[in-house]
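**Q** Let me see the structure of the following:
(2 chains)
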Amino acid sequence: MSGDAQKAKAGGEGQVTAITPRSEDFSRWYTDVIRRAELADYSPVKGCMVIRPYGYAIWELIQQGLDRRIKATGHVNAYFPLLIPQSLLLKEAEHVEGFAPQVAWVTRGGTEDLEEPLAIRPTSEAIIGTMYAKWIQSWRDLPVLINQWANIVRWEKVTRLFLRTTEFLWQEGHTAHETAEEAEAETLKILHEVYRDFVETELAMPVVVGRKSDSEKFAGADRTYSIEALMGDGRALQAATSHNLGQNFAKAFGIQFQARDKSLQHIWGTSWGITTRLIGGVIMTHGDDNGLVFPPRIAPYQVVIVPIPRGNWRETVLPHAKAIFDELTAQGVRVMLDDRDAYTPGWKFAEWEMRGVPVRLEIGPKDIEKGQVMLARRDTREKLSAGRDGLAARIVDLLADIQRTLFDRAVKFREEHTSETTSYDEFKQIMEGRPGFVIAPWCGSAECEAQIKAETQATIRNLPLEESAGGVCVRCGQPGVARAYFAKAY
RNA sequence: CGGGGCGUGGCUCAGCCUGGUAGAGCACUCGGUUCGGGACCGAGGGGUCGGUGGUUCGAAUCCACUCGCCCCGACCA
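**A** Okay, the predicted model is just below:
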């Protein structure tokens, strides 16, 4: 506890400047909050960020929640190399074309030029596919269900903290199946049972589940599915993707197996990923003008205890604070006891609020007399007294309530910012005014999609999984093949 | 990659136009008084002005190039 306080102090300078209000400049608010809350900082390398301890703690919690679900659905973790020989990357044509502009290359080792350039992985289909070709012989070897936690490099022209950085951290699952149906089922299972469940349950971010249009799908996939969340400024964020790779990579890398009928077949593949971008999503979904607001399940500290110093407080007040700390910790609550002398209680209130801690407990001489503590929740900013007895149980309930409240609030926001129209004029009007999701019929042509993007900046985020044909295309008037979710996107 | 903006102690910025070798607030250190919504007093430490080159007796200030960051577009998780 005091150890944690020491750590916090070590990085705790420069906090007094005001955060730009969200309504004034959302982008600036976003970077202000990240830097002031010490989630991340710019590094000397262009486009690369340093994830600081408070930000990395969130990533670790994301890893835990996802890893548990990934394993619960039968997958195992492994690790493949960072460097990929050029020749392997070139094997799948559409894949190469899609990633070529973003690949970083290693052309020299020590003092000698390499005979073959090595790509720093922009994703691992090529290297993993190559290995699968070696490992898979028979239908009895299938399915192969492997996940890896790794870093990725994509040469980005424009970067933003968490949302788009040259190097980022992610999880990428790569599976091989006997049949097309199995691969499709895997792709959808990940989408629903792993990604949607994780993002909605842990991050309290409601998502729209759907399929990507052809122009937005992964380079080399047959079909790409995504979950899309709506940020506080009305722009959509792709929170996760799951790809049905069909037999494209199997054919490119020669991943074959002998089938039950003795014939030689190509495996059916999938791949799917979630990145550190999600941290940006949490910030932009729940944050307010006072700073971060973390859903309890992802909050590095769920409760901060601020003792009120009075007289000989280290003897009179602190022991009570420590007792509460111990009780909460025993309940599995992540607690910070901020017993630093150098800062006043008021300063600490503001500081931990800005850092998004869901619950704050204040305990001073008056409370000790009355057998109570003061309790403040970050989401509603309510402050009230709470009895000392049964406090830990009450906090556990409260954290669950905050988690629920944040999710409900986000759902409400999304509903208020989702509209449906068949009129292109109205469509354009919405995109100019208060953006959000607009559901509109689409004819299925890439031309209309591109034109709409050029004219309104909105793209098709995804298409409903269920049949949604009908009406006429919002732009060209041809029969609609789907009711598409449009939005301006990150 | 196109348009715009910005780089001066840790942070926010003034100084630049009208060259004369750096200032403020906050933060930080030490001592003391405080502490229930970003405390106060006193004493201190810290920068050669993003980088390179040029003009000049002299450059934070003028010129050129360059690097980085932010915002808006085109491309992407």
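
**Q** hey, let's count contacts and neighbours off CA atoms from now on
**A** Will do.

**Q** Work out the gap between stretch A:150-169 and the centre of the chain.
**A** Centroid separation between stretch A:150-169 and its chain, computed with Cα atoms, centre = their mean, to the nearest Å, is 13 Å.

**Q** And it, what's buried?
**A** Applying a neighbour-count criterion of 16 or more other Cα atoms under 10 Å, one finds A:150-156, A:160-169 buried in stretch A:150-169.

**Q** Kindly report the same for stretch A:333-351.
**A** If you call a residue buried by 16+ other Cα under 10 Å, then stretch A:333-351 has these buried ones: A:Val333, A:Arg334, A:Val335, A:Met336, A:Leu337, A:Asp338, A:Asp339, A:Arg340, A:Pro345, A:Lys348, A:Phe349, A:Glu351.

**Q** and A:Arg314, that's in a helix?
**A** Yes - assigned with DSSP: H, G, I helix; E, B strand; the rest coil, A:Arg314 falls within a helix.

**Q** Tell me how chain A divides into domains.
**A** Using automatic domain parsing, the domains assigned to chain A come out as A:24-286, A:293-413, A:418-487.

**Q** could you dump these to CSV with mean pLDDT?
**A** Written out in CSV, the entries for the domains of chain A read as follows (pLDDT from 0 to 100):
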stretch, mean pLDDT
domain A:24-286, 94
domain A:293-413, 97
domain A:418-487, 93
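
**Q** In CSV, list those domains along with distance to RNA strand B.
**A** Putting the domains of chain A into CSV (distance: least, Cα to the nearest atom of the strand, whole Å) gives the following:
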stretch, distance to RNA strand B
domain A:24-286, 4
domain A:293-413, 3
domain A:418-487, 5
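
**Q** any idea how far A:Gly280 lies from A:Tyr56?
**A** 12 Å (Cα to Cα, to the nearest Å).

**Q** out of those two, which sits in the busier spot?
**A** Taking other Cα atoms under 10 Å, A:Gly280 and A:Tyr56 do not tie; A:Gly280 has more neighbours (21 against 17).

**Q** can you tell me the helix or strand for the residue most central in space within chain A?
**A** The C-alpha lying nearest the average C-alpha coordinate of chain A belongs to A:Leu278 (Cα atoms, centre = their mean; 1.6 Å). Secondary structure assignment for A:Leu278, by DSSP states H and E: helix A:277-286.

**Q** which other helices and strands contact that helix?
**A** Applying 3 or more Cα pairs under 8 Å, 6 or more residues apart in numbering; DSSP states H and E, we find helix A:277-286 packed against strand A:236-246, strand A:292-293, helix A:391-416.

**Q** If we use 10 Å, what do you get?
**A** Helices and strands touching helix A:277-286, by 3 or more Cα pairs under 10 Å, 6 or more residues apart in numbering; DSSP states H and E, are helix A:26-36, helix A:53-72, strand A:167-177, helix A:197-201, strand A:223-230, strand A:236-246, strand A:292-293, helix A:391-416.

**Q** Report the distance from the last one to the chain centre.
**A** Translated: helix A:391-416. Its chain's C-alpha centre lies 19 Å from the corresponding centre of helix A:391-416 when counted by Cα atoms, centre = their mean.

**Q** Tell me the buried residues in it?
**A** Under the neighbour-count criterion of 16+ other Cα under 10 Å, helix A:391-416 has A:391-392, A:395-396, A:398-399, A:402-407, A:409-411, A:413-414 buried.

**Q** so what's A:Ala489 up against?
**A** When contacts are counted by Cα atoms under 10 Å, 6 or more residues apart in numbering, A:Ala489 touches A:228-231, A:234-238, A:436-437, A:457-461.

**Q** nope, A:Glu327 is what I meant
**A** With Cα under 10 Å, 6+ apart as the criterion, the residues that contact A:Glu327 are A:Ala321, A:Val333, A:Val335, A:Gly390, A:Leu391, A:Ala392, A:Ala393.

**Q** Can you say which helix or strand has the first one in it?
**A** Going back to what we said before, that points to A:Ala321. helix A:318-330.

**Q** Just give me how far that helix sits from the chain centre.
**A** Using Cα atoms, centre = their mean, the distance from the centre of helix A:318-330 to the centre of the chain it belongs to is 33 Å.

**Q** Give me the helices and strands touching the next helix-or-strand element following it, please.
**A** Moving toward the C-terminus from helix A:318-330, the next helix or strand (DSSP H and E) is strand A:335-337. The elements that strand A:335-337 packs onto, with contact taken as 3+ Cα pairs under 10 Å, 6+ apart, are helix A:2-10, strand A:303-307, helix A:318-330, strand A:359-363.

**Q** ok, now with 8 Å
**A** Packed against strand A:335-337 by the contact rule (3+ Cα pairs under 8 Å, 6+ apart) you find helix A:2-10, strand A:303-307, helix A:318-330.

**Q** and the second one, which strands flank it?
**A** As defined by DSSP bridges, the strand partners of strand A:303-307 come to strand A:335-337 (parallel), strand A:359-363 (parallel).

**Q** For A:Val293, which of those strands is the nearest?
**A** Between A:Val293 and the strands paired with strand A:303-307, the tightest spacing by Cα to Cα is seen for strand A:359-363, at 10.4 Å.
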